[in-house]
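Colleague: Coordinates only, no sequence provided:
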Ligand code: NAD
């Protein structure tokens, strides 16, 4: 049984004796415990970060970049170990876990360019013998609070840039799959990052609340469900912090009648059931514009029935279990609700055969196979609520306009996709849809590291998205300097408002 601890000031720390259990989702067995930080534990991490900050801030840009390059090489070398840790606690298949490490590494690679990213502007001679220039400086101690579904990638959206900018960082990972955080910490140390610049506090609401209230924490990045994102944003900003809080999602794929239906079916199944649907950019609703519905459902079902569901560490598995028992039960409860709300269950994931086990509902572990619901009515709970599991809903619509109205009428605005061969229709969609990340014949349009990731509406509280140049902006504050080097003719007192001369 492993015991996952905190990482404070470059070392593992026990902290408060309170713990919670970690499960192996493929078997349902307890595989270890994770420490749950007290207020004193968080205070110790903040103190370590605050002490490390001035030295790191004053480390040259080039030296900071060198540490990032080294971290990148170490993380790449340990990617299999990282993927195995993720798979064992989250349940996702090994290849998918490797994919999240790769996408996280892209942010590290972006952050290696920090000397260029932090270049300011300079204007010579804004007034006679007066120059102006801008610089950006780190905030100080910043925190990242992250969800269970990407235990490596989501923290890596945050800390490479925060640290490259010269901040000291405290990670509060999900208590459901905390082990990845400690491998990251070890690799930072090996890369030469000074102790205290990267810390991990394991924990729950107690740790989160203390981070939100602590006067020395200047900025908080959060990714998780919408109710907690809203709470983190409101509480953090009320305590004077800069906060970016990314929330939940319900992503729709709009299928126009001219689309290639084989491409659509491949894309819908990949984006709906990859990582058992536990992705904030998963496609959970297909809006099939008449007359494509019947043919599309048939093509989706054919593909779903060929999927192999099994443990994440079995190379044959394409989809693993869900993260916890209560989460699996909640997701499965939507199948009965769907029937009550007038939808048709065309593939029932409770009946799916699990590799090495029996049918999903009877196999130990947190299993639910890929589920397809057809004739889902717009506005029902199954349609509007974030289910966050392997449940794909098909909604039949009569036109582009009806589909667009359904998407724009929703609570969330994280991701969406349009499938069509009509460039004009795609262009109109990208202009009219109220969503932050849009795919055109691409089902999971996660922006590259050099762009920024973030949704609209209840999918993001705050005004900066994560990583890319917006990430650099979030983790720094701007200054503009106006300077004049006097010469003998400087001119004396002038009470007028400064204007250029
Ligand atoms: P969650 O909101 O339950 O937890 C996220 C973090 O908040 C965890 O670190 C958790 O310990 C902490 N937390 C939970 N309850 C809290 C409380 N009452 N007070 C303070 N802190 C609390 O989310 P999750 O279940 O871990 O992750 C899944 C959710 O994350 C989904 O809604 C998914 O859409 C969302 N998500 C969004 C994005 C995005 O980019 N928008 C990315 C990944 C996941």
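Modeller: Arrived safely. On a predicted model such as this, the values are computed, not experimentally measured, just so you know. Numbers count the residues shown, from 1 in each chain.
Colleague: Quick one: list the elements packing against the helix or strand harbouring residue 221.
Modeller: Taking DSSP states H and E as the criterion, residue 221 maps to strand 217-223. Judged by 3 or more C-beta pairs under 8 Å, 6 or more residues apart in numbering; DSSP states H and E, strand 217-223 is in contact with strand 141-145, helix 153-164, helix 205-213, helix 226-238, strand 242-246. The C-beta positions use only the backbone N, C-alpha and C, and glycine is treated the same way.
Colleague: Please identify which of those is closest to residue 92.
Modeller: Proximity to residue 92 (C-beta to C-beta) singles out helix 153-164 among the helices and strands packed on strand 217-223, at 11.2 Å.
Colleague: rewinding a little: quick one, the strand holding residue 221 and helix 226-238 angle?
Modeller: Orientation check (axes from the mean of the first three to the mean of the last three C-alpha atoms, to 10 degrees): strand 217-223 against helix 226-238 gives 170 degrees.
Colleague: So in that sheet, which strands flank strand 217-223, and in what orientation?
Modeller: Sheet pairing for strand 217-223, assigned by DSSP bridges, gives strand 141-145 (parallel), strand 242-246 (parallel).
Colleague: need the helices for the stretch 251-400 of the chain, in chain order.
Modeller: In the stretch 251-400 of the chain, the helices defined using DSSP state H, counting those that start in this stretch lie at 261-273, 293-305, 325-340, 381-384, 400-408.
Colleague: Tell me which of the strands paired with strand 217-223 sits most buried.
Modeller: Mean neighbours per residue, mean count of other C-beta atoms under 10 Å, is largest over the strands paired with strand 217-223 for strand 141-145, with a mean of 28.
Colleague: hang on, the earlier thing: pick the most deeply packed of the helices of the stretch 251-400 of the chain.
Modeller: Greatest average neighbour count among these goes to helix 261-273 (a mean of 21), per mean count of other C-beta under 10 Å.
Colleague: And the average pLDDT for that one is what?
Modeller: For helix 261-273, mean pLDDT rounds to 98.
Colleague: Tell me if that helix is near the ligand.
Modeller: No: counting by C-beta under 6 Å from any ligand atom, the ligand is not contacted by helix 261-273; separation bottoms out at 13.9 Å.
Colleague: list the contacts for the residue in the stretch 151-300 of the chain that the ligand sits nearest to?
Modeller: Closest residue of the stretch 151-300 of the chain to the ligand, C-beta to the nearest ligand atom: residue 224 (2.7 Å). By C-beta atoms under 8 Å, 6 or more residues apart in numbering, residue 224 lies in contact with 145-147, 232, 246-248.
Colleague: again, but for residue 393
Modeller: The contact partners of residue 393, taken as C-beta under 8 Å, 6+ apart, are 284-286, 338, 343, 373, 376, 382-383.
Colleague: repeat that with 10 Å
Modeller: Residue 393 sits next to 250, 252, 272, 283-287, 334, 338, 343, 371-378, 380, 382-383, 387 when contact means C-beta atoms under 10 Å, 6 or more residues apart in numbering.
Colleague: Please check those residues and keep the buried ones.
Modeller: The neighbour count (16 or more other C-beta atoms under 10 Å) marks 250, 252, 272, 283-287, 334, 338, 343, 371-376, 378, 380, 382-383, 387 as buried among the contacts of residue 393.
Colleague: need the helices of the stretch 251-400 of the chain in TSV with distance to residue 167, can you?
Modeller: Listed next are the helices of the stretch 251-400 of the chain as TSV, based on distance: least, C-beta to C-beta, whole Å:
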stretch	distance to residue 167
helix 261-273	34
helix 293-305	45
helix 325-340	33
helix 381-384	38
helix 400-408	37
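Colleague: Not counting its neighbours along the chain, what's nearest residue 174?
Modeller: Distances taken as C-beta to C-beta, 6 or more residues apart in numbering place residue 148 nearest to residue 174, at 3.8 Å, with adjacent residues excluded.
Colleague: Also residue 413?
Modeller: Of all residues not flanking residue 413 in the chain, residue 456 sits nearest, at 3.2 Å (C-beta to C-beta, 6+ apart).
Colleague: Now do the one you found, the pLDDT please.
Modeller: Looking at residue 456, the pLDDT reads 98.
Colleague: For the ligand, see how far away it is.
Modeller: Per C-beta to the nearest ligand atom, to the nearest Å, residue 456 is found 11 Å from the ligand.
Colleague: got the contact list for that residue?
Modeller: Applying C-beta under 10 Å, 6+ apart, the residues contacting residue 456 are 412-414, 433-437.
Colleague: Mark which of these are part of helices, please.
Modeller: Under the assignment DSSP state H, the contacts of residue 456 contribute nothing to helices.
Colleague: Buried ones from those, can you make that a ChimeraX selection?
Modeller: The buried residues among the contacts of residue 456 can be selected in ChimeraX (16+ other C-beta under 10 Å) with this line:
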select :412,413,414,433,435,436,437
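Colleague: ok, and which of the contacts of residue 456 reach the ligand?
Modeller: Among these, proximity to the ligand is found for residue 414 (C-beta under 6 Å from any ligand atom).
Colleague: of the contacts of residue 456, closest to the ligand?
Modeller: Closest approach between those and the ligand, by C-beta to the nearest ligand atom: residue 414, at 5.3 Å.
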